[in-house]
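> Give me coordinates for this.
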Amino acid sequence: MKVLVDALPLRHGGGVTYLQAQLAALAATDPDLDLHTLVAPWTTLAGLPGRTSTVRVGSVPVRFGYEIGRLPFARADVLYCPANFGPAAARTPTVLTLHNPNYYRAGLALAETAPVRSRWKLWANRAAMRGAAAVVAISESFADEVRATLPWVAPKLRVIRSGAPQWTEPSAPLPGLPSQYLLTIASEAPHKRVADVVRGWAQAAARSSAVPPLVAIGGLTAEQRAQCESAAGPRRADLHLLGRTGDRGQLRWAFEHASALVSMSVLEAFPLTPAEAGSVGCPLVLSDIPPHREVTLGHATFVAPGAVAELADVLAEGQFVPGSKPWEWPVTWAENARALRSLFGEVSR
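Here you go, the predicted structure:
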């Protein structure tokens, strides 16, 4: 079977991690699959199984033009579109995987994320869903959001739950970490609500000297950094904004040695970070949203989204257990790949 993979929308981050792991598992599950992945010049995808071709699309509008005007005529048994977008119609049976929660019920209600869901992106997403033979959601909770927003997609919507990244890298010390610390993963995405984490931590630290410093790993805009520094108030010296790290061994070290991972995100499809942290025994303090409940299987302390005072109570009272027993997300990438391979066979009949 020849599978053409439209990875043109992917740049970096969780979508790239997802596809790399999924395609590797697909190739291992069915070595006879002929995988051919199309990537854009700006992508960080590398080391994929099968063939990889770079399509010289110089901008997002040009990419959309390629997906609408040329991709429908590509020759393959299945066209796999793993990143929310694809052709509105194609002669090849198409499987579309959804990752972006901004396009559905909870995401549509968030004013701060409006810039990432322009009308033409929403149109393109809906058109790709209508043209697909099957649409895949990566978690049960995300599928609920999709069905609630677009009831007509229910007959073709399948849930193939994501696998979680496995730690293959040895731990490597990350410079700049205090001896004790709380950890949050920073992001420029406004729905991650990093400043809420800082506010809750600062309020907790004002009440108890036992609250450790806060470390944020990940990218922030200059404006977001200023907001976090202002929110830290008198504890500014104990706020460590370390920026991005591309070293998985250092990230593993950060999880292994943190008193807890804290996230106040209000929007997720399948959050990989809690599963990664939990697999090395890092305690979790998370916003109480359905995807966090689904992925952690109860291995977390939950705080209502936006409830900064409640977060401060949890952190000040230490209502989490450092050195928790490691746990694993039960869905492997091999299981994910077998389900996807079965779907390819179904739509190509």
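
> what residues go with each domain of this protein?
Here the domain parsing of the chain from automatic domain parsing is 2-163+332-347, 182-317.

> What segments of the stretch 1-150 of the chain are helices?
14-29, 60-69, 105-108, 119-131, 140-149 (DSSP state H, counting those that start in this stretch).

> what's the angle from the second one to helix 119-131?
Meaning helix 60-69. Angle of helix 60-69 versus helix 119-131, following axes from the mean of the first three to the mean of the last three Cα atoms, to 10 degrees, is 20 degrees.

> So which bits of helix 60-69 are buried?
Arg63, Phe64, Tyr66, Glu67, Ile68 (16 or more other Cβ atoms under 10 Å). (Glycine included, C-beta is placed from N, CA and C.)

> what does the first one give?
Across helix 14-29, burial judged by 16+ other Cβ under 10 Å covers 14-27, 29.

> Likewise for the last one?
Under the neighbour-count criterion of 16+ other Cβ under 10 Å, helix 140-149 has Ser141, Phe142, Ala143, Asp144, Glu145, Val146, Arg147 buried.

> Spit out the contact partners of the fourth one.
Taking Cβ atoms under 8 Å, 6 or more residues apart in numbering as the criterion, Asp144 is in contact with Pro290.

> how near is it to Ser265?
Distance check for Asp144 against Ser265: by Cβ to Cβ, to the nearest Å, it reads 17 Å.

> and what of the first one?
With distances taken as Cβ to Cβ, Ser141 is found 13 Å from Ser265.

> repeat for the last one
Arg147 sits 22 Å away from Ser265 when distances are taken as Cβ to Cβ.

> related to what we said a few turns ago, of the buried residues of helix 14-29, closest to Ala46?
Comparing those against Ala46 with Cβ to Cβ picks out Gln20 as the nearest, at 8.1 Å.

> Need the pLDDT of that closest one.
Note for Gln20: predicted pLDDT of 91.

> my read: it touches Gly47, true?
Yes. Taking contacts as Cβ atoms under 8 Å, Gln20 lies within contact range of Gly47: 7.1 Å.

> Give me the below-cutoff pLDDT ranges for this protein.
Across the chain, the ranges flagged by pLDDT under 70 are 319-324.

> Strands of the chain, residue ranges please.
With DSSP state E, the ranges of strands along the chain come out as 2-6, 34-39, 51-54, 78-81, 94-98, 134-137, 157-159, 182-185, 214-217, 239-243, 260-263, 284-287, 301-303.

> so who does Gln250 touch?
Counting by Cβ under 8 Å, 6+ apart, Gln250 has contacts Ala172, Pro173, Leu174.

> Contacts only, for the last one.
By Cβ under 8 Å, 6+ apart, the residues touching Leu174 are Ile217, Leu242, Thr245, Asp247, Gln250, Leu251, Trp253, Ala254.

> The second one: how many residues sit nearby?
Per other Cβ atoms under 10 Å, the neighbour tally for Leu242 reads 17.
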